[in-house]
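using only what follows, build the 3D model:
(2 chains)
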Amino acid sequence: MIDCDIHPFATEEFPIAPHIPENFRQAVSQGQSSAPGHGYQNPFGVNRRDMPKVHPEIWAKEHFDRYGIIYGVLQPPGLSISLTQNIDVGCALAKAWNDWQRENWLAADKRYLGSICVNMNDPAQAAAEIRRVGEHPQFVQVVTTGESTLLYGNRFYYPIYEACAELGLAFAMHPGNEGSRTPSTPVGMPSSYFEWHATLPLTYMAQCASFICEGVFEKFPALKVLLVEGGFGWLPHLMWRMDKDFKSLRSTTPWLKRLPSEYVQDHIRVTTQPIEETETSEQLIQLFGMMHAEKTLCFASDFPHWDFDNPRRVFPARMDEQLKERIFYRNAAEVYHLEVDKIE
Amino acid sequence: MTFTEKFSGINNGFGVENANEATLDYAFNIANNPQPPIAKRGKEIVICAADEIPIGGKRIVEIGNLSLGVYNIKGEFYAIKNLCPHAGAALCEGHIQTTHRPGEVGEFHPALAGRVLRCPWHGWEFDIVTGKGLYDRNSRVAVYQTKVDEAGNVIVLL
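Down below sits the predicted model:
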């Protein structure tokens, strides 16, 4: 089993400060690392009440060993670093989070896989950072938040995708403070954490359509994009809608050679958590069929967050074993170029 | 299943022998290398005098239950069935435009100038000359042979 979403964070025992490049410590101490924030707090906290102490060995035992997880992909707080106001400080903090992961987590256990944090607002520096750490075998993807200055299909970001493709890294998005610079929905600010959280998939729908319509996958045929923790029930809808529009409007994007849903199946991956809790388990199975889950869906637990999915309970009992294996292991293994035969 | 796989095996009159060819390239190749229109049965229908349809113009005619659009494109006459295979719209009520052929990201290559019929409902594009849909591999609309007889009338062969 591969878990695509695990959330470590800095503690007194594993602080971030020593990893900040020395020449940026003064700027950080002056508050130049500030980011606007979105203003939504889960009033009950974001971590499970029974969260084990933050420690790579303890988490490996409490999470990996307990569920038979072979690899777990870290999604560190640095995934939101692109929301930092100061561009250079943002780039420096991205480096800090990458070194923090490498030294504290990747070095502790081979089962931890890292996500390279980058500041999307400076694609040249981001690409350089990807090349600085991307050769490490345990870094498997680049991660950033779903909120962006420009939609991610924009060619402004090409240097980042070029570096990803060159190093065989996936490009992942994970929610992180959406609503900081622009409202988290296209039509205004939600009034509660509940509403904010429930509408996060809107961001992913926009980013997914942008990647496809702008032709990023024609430009970078090796690129895989992973949309983490943003649901998947919207994916069939978007595929059908884009395919329909393609028939009418193809000539406005003449670089698209195939149906949008075919680009989705080849390049877009979504994760399971928080699982869509349909009225009946049959409906969930139907949804898997509609979205081609045998290609597009990867398991994630979101450990140790409040809406954690238990891999033993997350899928209907009567579900095709091969499909389960694709979702639990093979789809992610293919995206991350891991040994596909190492099945639990 | 890919779109191509889904429709492979459907004999649409253009064959599926080049199933590996990219879907849209295939569609545009057909448009660029017109095949003979579907088999004629020898029935010749007089539409009107050729000079009644000026270059760039059209005439919609009803022949029994069949509705046709007859177009004058650069002095040549083309006849296409007035029925969109998608949702049943009167296709020939649509505008004639130019499309863009498939190309690299950021490039626009105008193509099939003046012979692309856009369905009036959903904008699906068809090449008037071949009837080929320009958005997928297999869709097409029936087209019919035409000629201008010695008296100067446009004839459609059904």
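
which stretches of chain A have low pLDDT?
Residue ranges of chain A with pLDDT under 70: A:340-344.

my error: substitute chain B in the last question.
Looking at chain B by pLDDT under 70, you get B:1-20, B:35-41.

chain A contacts on that one?
By CB under 8 Å from any CB of the partner chain, the residues of chain B that approach chain A are B:2-3, B:22-25, B:86, B:99-109, B:116, B:122-125, B:134-136. Bear in mind the C-beta positions are built from the backbone N, C-alpha and C, glycine included.

where exactly do the strands run in the chain?
Unless you meant another one, I'm taking chain A. Ranges of strands in chain A, per DSSP state E, are A:2-6, A:71-74, A:112-117, A:139-144, A:170-173, A:225-227, A:268-271, A:297-298.

my question was about chain B, not that one.
Using DSSP E, strands in chain B cover B:44-49, B:58-63, B:66-73, B:76-81, B:96-100, B:110-118, B:125-127, B:143-144, B:146-148, B:153-157.

contacts for the first one, please.
Defining contact as CB atoms under 8 Å, 6 or more residues apart in numbering or on different chains, one finds that strand B:44-49 is touched by B:53, B:59, B:61, B:63, B:70, B:79, B:149, B:152-158.

and if you look at the second one?
By CB under 8 Å, 6+ apart, the residues outside strand B:58-63 that reach it are B:45, B:47-48, B:52-53, B:67-72, B:82, B:90, B:92-93, B:96, B:156, B:158.

mind giving me the ChimeraX command for buried ones among these?
This is the ChimeraX syntax for the buried subset of the contacts of strand B:58-63, where burial follows 16 or more other CB atoms under 10 Å in any protein chain shown:
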select /B:45,47,53,68,69,70,71,72,82,92,96,156,158
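
with adjacent residues omitted, what lies nearest to A:Glu57?
A:Ala108 (6.5 Å; CB to CB, 6 or more residues apart in numbering or on different chains).

got the phi and psi for that neighbour?
As for A:Ala108, its main-chain torsions (degrees, to the nearest 10) stand at phi -80, psi -30.

B:Leu24 contacts A:Thr253, correct?
No: B:Leu24 is not in contact with A:Thr253 according to CB atoms under 8 Å; the separation is 11.4 Å.

circling back to that earlier point, what sits against the residue nearest to A:Glu57?
Taking CB under 8 Å, 6+ apart as the test, what A:Ala108 contacts is A:56-57, A:60.

name the nearest residue to B:Ala79, sequence neighbours excluded.
B:Tyr144 (4.2 Å).

any idea how far that neighbour lies from B:Trp124?
20 Å (CB to CB, to the nearest Å).

higher neighbour count, those two?
Between B:Tyr144 and B:Trp124, B:Trp124 has the larger neighbour count (other CB atoms under 10 Å in any protein chain shown), namely 27 against 20.

for A:Met51, find the nearest of the strands of chain B.
strand B:96-100 (54.1 Å; CB to CB).

who does the closest one pair up with?
strand B:110-118 (antiparallel) (DSSP bridges).

now do the buried residues in the strand it pairs with.
Quick answer for strand B:110-118 (16+ other CB under 10 Å): B:111-112, B:115-118.

residues contacting whichever residue of the stretch 1-150 of chain A sits closest to chain B?
Going by CB to the nearest CB, chain B is nearest to A:Leu150 of the stretch 1-150 of chain A, at 15.4 Å. By CB under 8 Å, 6+ apart, A:Leu150 lies in contact with A:156-157.

gap between it and A:Ala127?
Counting by CB to CB, the gap from A:Leu150 to A:Ala127 is 16 Å.

ranking by neighbours, what's the top pick from the contacts of strand B:44-49?
B:Ala79 (28 neighbours).

for it, what are its contacts?
B:Ala79 touches B:47, B:68-71, B:143-146, B:156, counting by CB under 8 Å, 6+ apart.

near chain B, which residues of the stretch 201-344 of chain A?
A:214-216, A:218-219, A:244, A:246-252, A:254-259, A:261-262, A:265.

of these, buried ones?
A:214-216, A:218-219, A:246-251, A:254-259, A:261-262, A:265.

number of residues surrounding the spatially closest residue to A:Thr182 that is not a sequence neighbour?
Spatial nearest neighbour of A:Thr182, excluding adjacent residues (CB to CB, 6+ apart): A:Glu147 at 7.0 Å. Look at A:Glu147: counted by other CB under 10 Å, it has 24 neighbours.

hang on, isn't A:Glu147 packed against A:Ser184?
Yes: in this structure, A:Glu147 is within contact of A:Ser184 by CB under 8 Å, at 7.1 Å.

where do the contact lists of these two overlap?
A:178, A:203.

and the gap between the residue nearest the centre of chain B and chain A?
Nearest residue to the geometric centre of chain B (CA atoms, centre = their mean): B:Gly131, 2.3 Å. B:Gly131 sits 16 Å away from chain A, going by CB to the nearest CB, to the nearest Å.

quick one, what contacts that residue?
B:Gly131 neighbours (CB under 8 Å, 6+ apart): B:37, B:80-81, B:140-143.

of the residues you listed, select the buried ones using a PyMOL command.
This is how PyMOL selects the buried members of these, with burial counted by 16+ other CB under 10 Å:
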select buried, chain B and resi 37+80+81+140+141+143
